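Engineer: The sequence isn't on hand, but the structure is:
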Ligand SMILES: NC(=O)C1=CN([C@@H]2O[C@H](COP(=O)(O)OP(=O)(O)OC[C@H]3O[C@@H](n4cnc5c(N)ncnc54)[C@H](OP(=O)(O)O)[C@@H]3O)[C@@H](O)[C@H]2O)C=CC1
Ligand SMILES: Cc1cn([C@H]2C[C@H](O)[C@@H](COP(=O)(O)OP(=O)(O)O[C@H]3O[C@@H](C)C(=O)[C@@H](O)[C@H]3O)O2)c(=O)[nH]c1=O
């Protein structure tokens, strides 16, 4: 029998969804918190991988900032360690031991769309990063994390983007929109959390080629469209107020700019990994809305 899958960052929002998925599929796994294994130490991690020989490692560990990425502006060391250094440590240890693995990256290393109006692809260079000097510290650190993984053997880079599902929670994009006093009008790709983890797991199950994948629900949605879906569902009938512009948002509610972007997720589809259309996924979450 193959060895259990390892999950780093299993105690987090994304890692929790991974645990639920593997549990539901009866796939043996080990959740490895930092307190049990110092996975930032390349020698410690390499030795542990050599001994346990996991069939696959999923990296859901990273530094996101709480309640949102504004906090990364105040915790730059943690942010760099979790998002830029850690992927390099994992690469070194996984390459040394021949361990296949997947890394949860973020679509927030992009802004806007492609110049031709299409969604940003896996082949496009990040345009919201320290290199382009227009980003939040969080986005810059995630783009560095991808740079560190360029050309890595045996590695998937999965880009998640503003997760949501049907469970009311401060980490859920739908909850955030219902709780913020005022909203930023923007166009974005989003990832339904359970569809994201299922799609990433399918990458490994189907042995699709290693490399970068945009793991977002096909299509794009504006904040106003999401608000309309919320109202239509009856989950909230709040009188939603909007900022007059991005600079109004920056002045009144944010410490650092946000990435608003549209990703093209067709590469995933070419591997026969299907996610539902984004408006449908939001409507479904709202239809099944429940307390945490
Ligand atoms: N949530 C989001 O909106 C999005 C998240 N992502 C990415 O997904 C990954 C997981 O995010 P999410 O689950 O939301 O994050 P959480 O903060 O909920 O969980 C992250 C987990 O990472 C581990 N960890 C390792 N180093 C650190 C550190 N320095 N500070 C804090 N936690 C650390 C912890 O697990 P333990 O203590 O068990 O080791 C923690 O539970 C991150 O890489 C993030 O960049 C990408 C796009 C959107
Ligand atoms: C603070 C704030 C945000 N917003 C908008 C901005 C943005 O479009 C959306 C989410 O912004 P937040 O500040 O809540 O979340 P933020 O921390 O920017 O979320 C990001 O987290 C990291 C971990 C990622 O990787 C990103 O993909 C994304 O999910 O809500 C408002 O409308 N009003 C507000 O008052």
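Structural biologist: Everything's here; your move. Please read these numbers as outputs of a predicted model, since none were measured by experiment. Ligands and ions are numbered 1, 2, ... in the order given.
Engineer: Can you pull the phi/psi pair for residue 221?
Structural biologist: Reported as degrees, to the nearest 10, the phi and psi values for residue 221 are phi -140, psi 140.
Engineer: ugh, wrong one, I meant residue 211
Structural biologist: Its backbone dihedrals place residue 211 at phi 140, psi -170, with angles given as degrees, to the nearest 10.
Engineer: any idea how far the nearest residue to residue 88 once chain neighbours are set aside is from residue 91?
Structural biologist: Closest residue to residue 88 in three dimensions, ignoring its sequence neighbours and counting by CB to CB, 6 or more residues apart in numbering: residue 148, at 4.2 Å. Every C-beta, even on glycine, is put in place using the N, C-alpha and C of the backbone. Summarising the geometry, the distance separating residue 148 from residue 91, computed by CB to CB, to the nearest Å, is 7 Å.
Engineer: Those two - which one has more neighbours?
Structural biologist: It is residue 91, of residue 148 and residue 91, that has more neighbours when counted by other CB atoms under 10 Å, with 23 against 19.
Engineer: what is the rounded mean pLDDT of the helix or strand hosting the more buried one?
Structural biologist: With elements taken from DSSP states H and E, the one containing residue 91 is helix 86-97. Mean pLDDT, computed over helix 86-97, is 98.
Engineer: can you pull the buried residues of that helix?
Structural biologist: By 16 or more other CB atoms under 10 Å, the buried positions in helix 86-97 come out as 86, 87, 88, 89, 90, 91, 92, 93, 94, 97.
Engineer: hmm, who's touching that helix?
Structural biologist: With contact meaning CB atoms under 8 Å, 6 or more residues apart in numbering, helix 86-97 is reached by 8, 39-42, 45-46, 49-50, 53, 57, 59, 61-62, 99-101, 103, 145-146, 148-149, 152-155.
Engineer: Direction included, what does the very next helix or strand once past that helix pair against?
Structural biologist: With elements assigned by DSSP H and E, the helix or strand that comes after helix 86-97 is strand 101-106. Paired strands of strand 101-106, with direction, are strand 57-59 (parallel), strand 155-160 (parallel) (DSSP bridges).
Engineer: JSON lines please, covering these and showing mean neighbour count and mean pLDDT.
Structural biologist: Rendered in JSON lines, the data for the strands paired with strand 101-106 read as follows (neighbours: other CB atoms under 10 Å; pLDDT from 0 to 100):
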{"stretch": "strand 57-59", "mean neighbour count": "27", "mean pLDDT": "98"}
{"stretch": "strand 155-160", "mean neighbour count": "24", "mean pLDDT": "98"}
